[in-house]
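> sequence? don't have it. structure:
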């Protein structure tokens, strides 16, 4: 697998951040569901947040290594 460029990482991060904003908006307005639905919703949110964090770290490391 080829290494991603800073621009690619920035674009991917922007996309995942938009996904997180949409999830947060949905979360603020959704009605509670069954326990399983609530757990699934929370897991999806955690997964998106983890993606944002991973991409931020990856982008930071790439920027430092390209200096």
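The structure has been received and is ready for your questions. Just so you know, these numbers come straight off a predicted model, no measurement behind them. Residues are numbered from 1 along each chain as shown.

> Can you spell out which helices and strands pack onto the strand or helix carrying residue 25?
Assigned by DSSP states H and E, residue 25 belongs to helix 6-29. Contacts defined by 3 or more Cβ pairs under 8 Å, 6 or more residues apart in numbering; DSSP states H and E place helix 6-29 against helix 35-65. Any C-beta I mention is one placed from the backbone N, CA and C, and that applies to glycine too.

> chain center to the helix it packs on: distance?
4 Å (Cα atoms, centre = their mean, to the nearest Å).

> ditto for stretch 27-37
Worked out by Cα atoms, centre = their mean, stretch 27-37 lies 20 Å from the chain centre.

> Residues touching that stretch, excluding its own?
38, 41, 45 (Cβ atoms under 8 Å, 6 or more residues apart in numbering).

> Endpoint to endpoint, that stretch covers what distance?
From its first residue to its last, stretch 27-37 covers 12 Å (Cα to Cα, to the nearest Å).

> so where is the chain shaky, pLDDT-wise?
1-2 (pLDDT under 70).

> Could you check how far residue 29 is from residue 20?
Relative to residue 20, residue 29 is positioned 15 Å away (Cβ to Cβ, to the nearest Å).

> now residue 38
18 Å.

> Which one of those two is surrounded by more residues?
residue 20 (15 against 12; other Cβ atoms under 10 Å).

> burial measure for residue 51, as a count.
Neighbour tally, residue 51, other Cβ under 10 Å: 17.

> Quick check: it touching residue 15?
No: in this structure, residue 51 is not within contact of residue 15 by Cβ atoms under 8 Å, at 9.6 Å.

> re the thing from before, of the contacts of stretch 27-37, which is the nearest to residue 57?
residue 45 (18.9 Å; Cβ to Cβ).

> how about the nearest residue to that closest one once chain neighbours are set aside, what does it touch?
Nearest residue to residue 45 in three dimensions, chain neighbours excluded: residue 23, at 5.3 Å (Cβ to Cβ, 6 or more residues apart in numbering). By Cβ under 8 Å, 6+ apart, the contact set of residue 23 is 44-45, 48.
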